[in-house]
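> Sequence and predicted structure, then a few things I'm wondering about:
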Amino acid sequence: MHFLTTTDTSSQIYLDAIEIRKIVFIEEQQVDESLEIDDLEDKTLHIVGYEDKLPVCTARLLKKEDDTVKIQRVAVLAAYRKQGIGRLLLEQIEKIAKKQLNASHLALDSQDHAISFYEKIGYSVKGDGFLDAGIPHHYMHKAL
């Protein structure tokens, strides 16, 4: 697994990230494209994981005003799920958050079906659940 990052919304890396997100969120989960592609695209660091040069997973990172990085738009293509790729992606995110973004905390809004995945790698649920794009979510947090 090879990871590349970009903040350039005209780069191939970004276009690969958008393609994965369109497949996972817009096609599979029926999220409206206007909600998926938002005004934070050019304010976030996009990460794409490549397996044999094929883009298979993505996420984006938003540096908050404090020492927290918000993880958003975590997606793994269906054919590559249940193979440890999500864990590798989150490990890479932690490295980037610490080294490049000087973060001491990570936060994310997990879809409820993915809470156990995040708990296994050290995240904790904080607060009550909520709907985002019609999908149940919970806020989760991890200290680095």
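Here it is on my side, so go on.
> which helix in the chain runs the most residues?
The longest helix of the chain (DSSP state H) is helix 85-99.
> Helix or strand with the lowest mean pLDDT in the protein?
Here the helix or strand of the chain ranked lowest by mean pLDDT, DSSP states H and E is helix 33-36, holding a mean of 89.
> which residues are contacting it?
With C-beta atoms under 8 Å, 6 or more residues apart in numbering as the test, helix 33-36 has contacts from Arg21, Lys22, Phe25, Ile26, Arg73, Ala133. Where C-beta positions appear, they are placed from N, C-alpha and C, glycine not excepted.
> on that earlier part again, and the longest helix of the chain, what's buried?
Neighbour counts over helix 85-99 (16 or more other C-beta atoms under 10 Å) mark Ile85, Gly86, Leu88, Leu89, Leu90, Gln92, Ile93, Glu94, Ile96, Ala97 as buried.
> where does the closest residue in space to Thr44 that isn't next to it in sequence land on pLDDT?
With C-beta to C-beta, 6 or more residues apart in numbering as the criterion, Thr44 has its nearest non-adjacent residue at 4.2 Å, and that residue is Arg60. pLDDT, Arg60: 98.
> Could I get the phi/psi values of Arg60?
phi -130, psi 150 (degrees, to the nearest 10).
> ok, it touching Leu45?
Yes - assessed by C-beta atoms under 8 Å, Arg60 is found in contact with Leu45 at 6.5 Å.
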